[in-house]
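Peer 1: Have a look at this prediction, sequence included:
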Amino acid sequence: MTLASQWARLVLQVVGFVVLSRLLPPSDFGLIAMVVVVANLAGLVADFGLSLAGLQADELTNGQKNNLFWLNTAAGAIGAVLVVAGSPALVLFYDEPRLWGIGCVIAGSLLIGGIGVQFRVEINRARRFFALAVQDVVAACAGLVAAVAGALLGWGYWALVLLTVVPVVLTTALAVATAGWRPGRYARAEPIAGLLRFGSHNLLLQLANMLSRSVDVMAVGRAQGATELGLYSRATQLIAMAFQQLVTPLTRVVLPRLVELRKDRERFDAQLVRLQGMISTVLPLLISLLAAVSTPLVVVFLGPPWEKTGEILLILCIGALMQAVAYIFYWAYLADGRSGVLLLSELPGRAVMIIGAIVAAPAGVTAVAWVMTAGQAVMLVTGTVFAQRLGLPGLRLLRAAVVPVLVCGLAFGASVGAQALISQSTSFTRLLVGAVAWALPVGAFALVPPVRRHIAAMIGTLRR
C-alpha cells in the first residue's frame with residue numbers, strides 16, 4: 001500500500017515537474033530553491049528526529065506520546081521563527097529582496113508540520129498504511145492543482161510556494177482528523193530520555209545529510225545566480241524523486257519489521273540481504289535509465305531551455321547509484337539502535353560534499369555535481385567498513401548488489417551507444433531509441449531462470 005501511494009505521488013510529481021517547468025522559467029525555481037534550503041533545515045528541527053524515534057520504540061505510553069507531541073510542536077515553532085528571522089540574511093546573501101515574503105509564508109507551514117508529526121506516527125504505529133497512503137496522495141494532488149492554477153493565473157514563483165505549503169497543511173489536517181488520538185498535558189514524570197537521545201542522533205545525521213544537500217544549492221545560487229541554480233535544482237529534484245517516492249517511504253514498513261528481528265541476528269541479517277536484493281534490483285535500474293536518456297529526456301519534457309539540466313543529471317546519477325547500494329546501511333543501523341554510528345559512518349562523505357561544493361561552485365554547476373558524486377562514493381565505502389566492524393553483513397550486502405549494478409552498466413552502455421549512432425536525430429528520436437536499447441539487455445536479464453526466481457522472492461518479501 002505504501003509503495004502504491006508512492007507510485008501515485010511519483011506520477012503526480014512527474015506531471016507537476018513537466019507542467020510547471022513549461023509554465024515557469026528556471027529563475028523562478030532557483031528563487032524558491034534559495035528559501036527551501038533554509039526551510040528544509042528548519043523542518044528537521046521541527047521534527048527533531050522524534051518521528052523515527054516514535055517508530056523505533058518497542059512501546060510508547062500515552063504520556064510519552066503527549067510529551068513527544070508537545071516537543072514537536074515547540075520544535076516546529078522554533079523552526080518557523082528561524083526561517084522568519086533568517087529571511088533578511090537570505091535577502092542579503094543572495095541580494096534578492098523577494099525572499100523575505102517567501103520565507104514568511106513557508107515558515108507557517110513548518111509550525112503546522114510540527115503539530116502533525118506525532119499524529120502521523122500514531123497512525124503509522126497502528127500500521128494503518130492505507131490511511132497514510134490516502135493522505136499523502138490527496139495532499140500531493142491538492143498541492144499540484146494549486147500550483148498549476150497559480151502558474152496559469154500568472155502568479156509566478158508564488159505558484160511554487162503553494163506546491164510546498166499546501167501538502168503540509170492538508171496532510172496535517174487529515175492526520176489530526178483520522179489518528180483517533182488526542183494529546184494531553186505534558187507529563188514530566190514520563191521517561192523520554194531514551195527517545196530524545198535516539199532523536200538527537202537522528203537529527204544530527206539528518207542535519208549532516210541536509211547540509212550536504214543544501215550547501216551546494218546555496219553555493220551555486222551565490223556564485224552562479226538564480227537561473228543556473230534553477231537548472232541545477234531541477235536535476236537534483238529528479239534524483240530526489242526516486243528516493244523520496246520509492247525507497248524512503250518504505251522505512252515506515254521496513255523499520256518496525258527489522259526492529260522485531262534484531263534479537264535474532266541470523267534472521268535479521270537474512271532480511272537485510274533480501275531487502276538489499278530488492279533495492280539494488282529496482283532503484284539502480286531506474287537510475288541507469290534516467291542517466292542513459294538524461295539530455296533527450298529533459299529537452300523533450302521540459303523544453304530546450306533546460307538542456308543543461310540533462311548534463312548535470314547524468315553526473316548526479318552516478319552518485320545516486322552508489323547511494324542506492326548504500327541505502328540498506330541506513331535501515332540496518334537505525335533498526336539496530338545505532339543512530340550514532342550511522343552519523344559517524346556518513347560524516348566523511350558529507351564533509352566532502354559540504355567543503356567541495358563551496359570550493360567548486362565558482363567553477364560551475366557540473367563541477368559541483370562531480371563533488372556530490374564523490375561524496376556518495378566515500379559514504380558507500382565507510383558504510384561497508386563500519387558495518388563489517390559492527391558485525392553486520394557489510395560485504396554480503398555489497399555482493400548482493402553486484403549483478404544488478406553490472407546489468408545497469410550494460411543497459412546504460414547499450415543505450416548511449418545506440419544514441420551515438422543517431423546523434424543528428426531529434427531529441428524525441430534519441431529518447432525513444434535510447435529507451436528501447438536500454439530495455440533490451442534488461443529484458444534479456446529478467447528472462448534468466450535464477451533472476452526470475454529472485455524477482456519472485458522479491459514479490460514474496462513485499463507481500464509479507
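Peer 2: It's in.
Peer 1: Quick one: distance of the host helix or strand of Cys141 to the chain centre.
Peer 2: Per DSSP states H and E, Cys141 falls inside helix 129-152. Mean-position distance between helix 129-152 and its chain equals 18 Å (Cα atoms, centre = their mean, to the nearest Å).
Peer 1: just stretch 393-405 next, same as before
Peer 2: That offset, for stretch 393-405, works out to 22 Å (Cα atoms, centre = their mean).
Peer 1: in it, what's buried?
Peer 2: Pro393, Gly394, Leu397, Leu398, Ala400, Ala401, Val403, Pro404, Val405 (16 or more other Cβ atoms under 10 Å). Heads up, the C-betas are built off the backbone N, CA and C, glycines and all.
Peer 1: Now go through the residues you listed and say which are in helices.
Peer 2: Mapping those onto helices (DSSP state H) picks out Gly394, Leu397, Leu398, Val403, Pro404, Val405.
Peer 1: Among the residues you listed, which has the minimum pLDDT value?
Peer 2: Lowest pLDDT among those: Gly394, with 80.
Peer 1: got the contact list for Ser427?
Peer 2: Thr295, Pro296, Val299, Val300 (Cβ atoms under 8 Å, 6 or more residues apart in numbering).
Peer 1: tell me the phi and psi of Thr309?
Peer 2: phi -60, psi -30 (degrees, to the nearest 10).
Peer 1: if I look at it, how far off is Gly303?
Peer 2: Distance, Thr309 to Gly303, by Cβ to Cβ, to the nearest Å: 10 Å.
Peer 1: Mind checking which of these two has more residues around it?
Peer 2: Ranked by neighbour count (other Cβ atoms under 10 Å), Thr309 and Gly303 place Thr309 first, with 27 against 12.
Peer 1: close enough to count as contact, the more buried one and Arg234?
Peer 2: Yes - the criterion here is Cβ atoms under 8 Å, and Thr309 meets it with Arg234 at 4.8 Å.
Peer 1: Thr366: neighbour count?
Peer 2: Neighbours of Thr366 under the rule other Cβ under 10 Å: 15.
Peer 1: in which helix or strand would I find it?
Peer 2: Counting by DSSP H and E, Thr366 is part of helix 365-389.
Peer 1: before we move on, what about Val15?
Peer 2: helix 2-23.
Peer 1: swap in Val84?
Peer 2: helix 62-94.
Peer 1: Name the residue closest to the centre of the chain, please.
Peer 2: The centre of the chain sits closest to Gln244, judged by Cα atoms, centre = their mean, with a distance of 3.6 Å.
Peer 1: Got the confidence number for that one?
Peer 2: Gln244 is given a pLDDT of 70.
Peer 1: returning to that earlier point: export the helix or strand following the helix holding Val15 as CSV, just CAs?
Peer 2: Downstream of helix 2-23, the first helix or strand assigned by DSSP H and E is helix 26-47. C-alpha atoms of helix 26-47 as CSV (Å, rounded to 0.1, in the frame of the first residue of the first chain):
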residue,chain,number,x,y,z
PRO,A,26,14.3,28.4,-14.5
SER,A,27,14.8,31.6,-12.4
ASP,A,28,11.6,31.0,-10.5
PHE,A,29,12.7,27.6,-9.5
GLY,A,30,16.1,28.9,-8.5
LEU,A,31,14.4,31.6,-6.3
ILE,A,32,12.3,29.0,-4.5
ALA,A,33,15.3,26.7,-4.0
MET,A,34,17.1,29.6,-2.2
VAL,A,35,14.5,29.6,0.5
VAL,A,36,13.6,25.9,0.6
VAL,A,37,17.2,25.1,1.5
VAL,A,38,16.8,27.0,4.8
ALA,A,39,13.2,25.8,5.3
ASN,A,40,14.3,22.2,5.0
LEU,A,41,16.9,22.7,7.6
ALA,A,42,14.3,24.3,9.9
GLY,A,43,11.9,21.4,9.1
LEU,A,44,14.4,18.9,10.5
VAL,A,45,14.4,21.0,13.7
ALA,A,46,10.6,20.8,13.7
ASP,A,47,10.8,17.0,13.6
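Peer 1: quick one on the thing from earlier: possible to save the buried residues of stretch 393-405 as CSV with distance to Leu286?
Peer 2: What follows is the buried residues of stretch 393-405, written out as CSV (distance: Cβ to Cβ, whole Å):
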residue, distance to Leu286
Pro393, 25
Gly394, 24
Leu397, 20
Leu398, 20
Ala400, 18
Ala401, 14
Val403, 17
Pro404, 11
Val405, 13
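Peer 1: Averaged pLDDT, stretch 75-87. What do you get?
Peer 2: 82.
Peer 1: buried residues in that stretch?
Peer 2: Ala75, Gly76, Ala77, Ile78, Gly79, Ala80, Leu82, Val83, Val84, Gly86, Ser87.
Peer 1: Just give me how far that stretch sits from the chain centre.
Peer 2: Per Cα atoms, centre = their mean, the centroid offset for stretch 75-87 relative to its chain is 22 Å.
Peer 1: Stretch 412-423 too?
Peer 2: Using Cα atoms, centre = their mean, the offset of stretch 412-423 from its chain centre is 30 Å.
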